[in-house]
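>>> build me a structure from this.
(chains A and B)
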Amino acid sequence: MIDLIQLAVPGLLKGLGVTAALTFVSVLIGFNLGLGLALMRLSSNRLLSGFAKYYSNVFRGTPLLVQIFLFYYGLGQLSLIKDNAALWWVISDGARCAVLALAVNTAAYTSEILRGGLMSVPVGLVEAAQACGMSRMLRFRRIEFPLAIRQALPAYGNELILVVKGTSLASTITVLEITGYAKRLMSQTFAIFEIFAIAGVLYLVINLLLIAIVRVIERVLMRHETSSRRKPVALTQVDLP
Amino acid sequence: MEFGLWQVWEAGWVTAILRGASITILVGFVSMAAGLVIGIVCGLIKWARIFPLSLLVDAYTSLVRGVPELLIIYLLFFSSVEFVTKVVTAFGYAGVAESGYAFVIAVIAIGAISGAYSTEVVRGALSAIPDGHIEAARALGLSGGRIFRRIIAPQMLRIAVPGINNVWQTTIKDTALVSVVGLQELMRISFIGANSTRHPFIFYLIAAAVYLLITLVSQAGFDGIERLLRLRTRKAV
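This is a model prediction of the structure:
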């Protein structure tokens, strides 16, 4: 048992770093892409909103594994990409390709989540900002985005966990992250349950950490909300005999 | 491109792809059915907080929903493959082991995953039923089984439909993952086609299109069911 832990833990911990890096980079790209798509979807330009809608339907309607294989094995076949140094750089490496696939995939889900958040912003607030003479950019930065992100944060937390789980598919295109190491160790040592337990715990730790971070952000964003909600309760308690 | 849709058709890949797609749908249906049974039982346990069992259900749902699907499939496959192959070969059915065994593993793995998500959907739907309805039924002296059949189940099903739709779409997409253990479903067939013709782009594009078709058709189906189940509310006079 001790031997097994000595054998498995260093590899799986190395995998943990790769999993974390894959998650971080693809979430970073995917969030911004998703925000852009959500804005496109809500724009009055039919072409832009149509594109965003089809994008989200296509990427949410097909398995992530197909997308990863299509990017990794499929795109390298096109001369358009082979001849472009920058694109080839992305496609030729498993990890970079996995990040690309994860980012465009999570962007589709993120766009739906942010769209819901943006649509929940009361029209009156936006009109008031307009009446104050705020420019479109300022309005988005100060009024619409902060309110939308508060609404969308719980759903986005779930999406983050789906991205973490999605990174496991990178193991199918030669990237050695937690699942990749776990599979290798399972077929080497036959200590299937022990390896699964260690790998599973690592994933659960990442997920719990992410949930905790989302909770903290939520609390920071909601700090005004809670204080204003508490006040009336305190007042009624004082007023009542 | 010298290798296009026509070449895929001419080389006879279309029937293979269609067979793969039907296996994908079959795995999806069977796992979803298993998942729904698990979901209803576990959802009821979680909702009613039946003490020792609810802890088990909690552990099951948080484990399965927090660990990657691929890892669960590897666990089930590697932990049983040697044993099963030995047993089946001993009985002289080595050929059956190849196809049938992967199918069983697929259904167990995808069913367990689908069940964990269904549990949450069912629990959510159950807790959306107003307590008053159940209290009223109890006050009328209805038996427990009758309350479930007449009051709880119909309301729960109606509320759960959108959630079940989501679970179904995830389930059908998760079936692609069992291609890693060799079940010849849509993804595996595309993989074989891509490798043997050395034209991965067209094969994975076809696979993506077929999956998209499946999800779009089922989305339309669920929209229909939701319309059918919507309460016919009377318009205010």
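>>> C-alpha only now, for contacts and for neighbours.
Fine.
>>> count of neighbours near residue B:65?
Applying other CA atoms under 10 Å in any protein chain shown, we find 17 residues neighbouring residue B:65.
>>> so it makes contact with residue B:117?
Yes. In terms of CA atoms under 8 Å, residue B:65 counts as a neighbour of residue B:117; the distance is 7.3 Å.
>>> for the helix or strand containing residue B:190, packing partners?
Per DSSP states H and E: residue B:190 is located in helix B:186-197. Applying 3 or more CA pairs under 8 Å, 6 or more residues apart in numbering or on different chains; DSSP states H and E, one finds that helix B:186-197 makes contact with helix B:13-48, helix B:200-229.
>>> contact residues of chain A facing chain B?
Contacts of chain A with chain B, taken as CA under 8 Å from any CA of the partner chain, map to A:58, A:61-67, A:69-70, A:73-75, A:77, A:161, A:164-166, A:168-169, A:179, A:182-183, A:186-187, A:190, A:192-193, A:196, A:200, A:203-204, A:207.
>>> out of these, which are buried?
Among those, those classed as buried by 16 or more other CA atoms under 10 Å in any protein chain shown are A:58, A:61-67, A:69-70, A:73-75, A:77, A:161, A:164-166, A:168-169, A:179, A:182-183, A:186, A:192, A:196, A:200, A:203-204, A:207.
>>> just checking, what packs against the longest helix along chain A?
Under DSSP state H, the helix in chain A containing the largest number of residues is helix A:2-42. Under the contact criterion of 3+ CA pairs under 8 Å, 6+ apart, helix A:2-42 touches helix A:46-61, helix A:94-119, helix A:145-166, helix A:178-189, helix A:192-221.
>>> sketch out the low-pLDDT regions of the chain for me.
In the absence of a named chain, this looks at chain A. A:226-241 (pLDDT under 70).
>>> can you look at chain B instead?
For chain B, the ranges with pLDDT under 70 are B:1-2, B:94-99, B:232-237.
>>> what's around the residue of it found nearest chain A, how many residues?
Closest approach between chain B and chain A, counting by CA to the nearest CA: residue B:201, at 3.7 Å. With neighbours defined by other CA under 10 Å, the count for residue B:201 comes to 22.
>>> quick check: residues of chain B near chain A?
Counting by CA under 8 Å from any CA, chain B sits next to chain A at B:63, B:66-71, B:74-75, B:78-79, B:169, B:173-174, B:176-177, B:187, B:199-202, B:204-205, B:207-209, B:211-212, B:215-216.
>>> filter the residues you listed to the buried ones?
For the residues of chain B next to chain A, buried by 16+ other CA under 10 Å: B:63, B:66-71, B:74-75, B:78-79, B:169, B:173-174, B:176-177, B:187, B:199-202, B:204-205, B:207-208, B:211-212, B:215-216.
>>> for chain B, see how far away residue A:27 is.
Per CA to the nearest CA, to the nearest Å, residue A:27 is found 17 Å from chain B.
>>> what sits against that residue?
By CA atoms under 8 Å, 6 or more residues apart in numbering or on different chains, residue A:27 lies in contact with A:103, A:106, A:160, A:163.
>>> picking up where we left off before, quick one: contacts for the closest residue to the residue of chain B closest to chain A other than its chain neighbours?
Using CA to CA, 6 or more residues apart in numbering or on different chains and skipping the chain neighbours, the partner closest in space to residue B:201 is residue A:74 (3.7 Å). Contacts for residue A:74 (CA under 8 Å, 6+ apart) come out as B:199, B:200, B:201, B:202, B:204.
>>> pretty sure the last one sits against residue A:66.
Yes. Residue B:204 is in contact with residue A:66 according to CA under 8 Å; the separation is 6.4 Å.
>>> residues contacting the closest residue to residue B:27 other than its chain neighbours?
Counting by CA to CA, 6+ apart, residue B:107 is the residue found nearest to residue B:27 once chain neighbours are left out, at 6.1 Å. For residue B:107, the contacting residues are B:27, B:30, B:31, by CA under 8 Å, 6+ apart.
>>> based on its surroundings, how many neighbours for the last one?
If I follow you right, that is residue B:31. Around residue B:31 there are 27 residues (other CA under 10 Å).
>>> same check on the second one?
For residue B:30, the tally of surrounding residues (other CA under 10 Å) stands at 16.
>>> so where does residue B:120 fall, helix or strand?
helix B:102-127.
>>> give me the distance from that helix to the chain's centre.
Relative to its parent chain, helix B:102-127 has a centroid offset of 7 Å by CA atoms, centre = their mean, to the nearest Å.
>>> now it and helix B:13-48, what's the angle there?
In terms of direction (axes from the mean of the first three to the mean of the last three CA atoms, to 10 degrees), helix B:102-127 departs from helix B:13-48 by 40 degrees.
>>> which SSE is immediately downstream of helix B:102-127?
helix B:131-139.
>>> check which residues of that following helix are buried.
Going by 16+ other CA under 10 Å, helix B:131-139 has these buried residues: B:134, B:137.
>>> immediately after that helix, which helix or strand?
helix B:144-147.
>>> where does chain A get nearest to chain B, residue-wise?
Proximity of chain A to chain B (CA to the nearest CA) peaks at residue A:74, 3.7 Å away.
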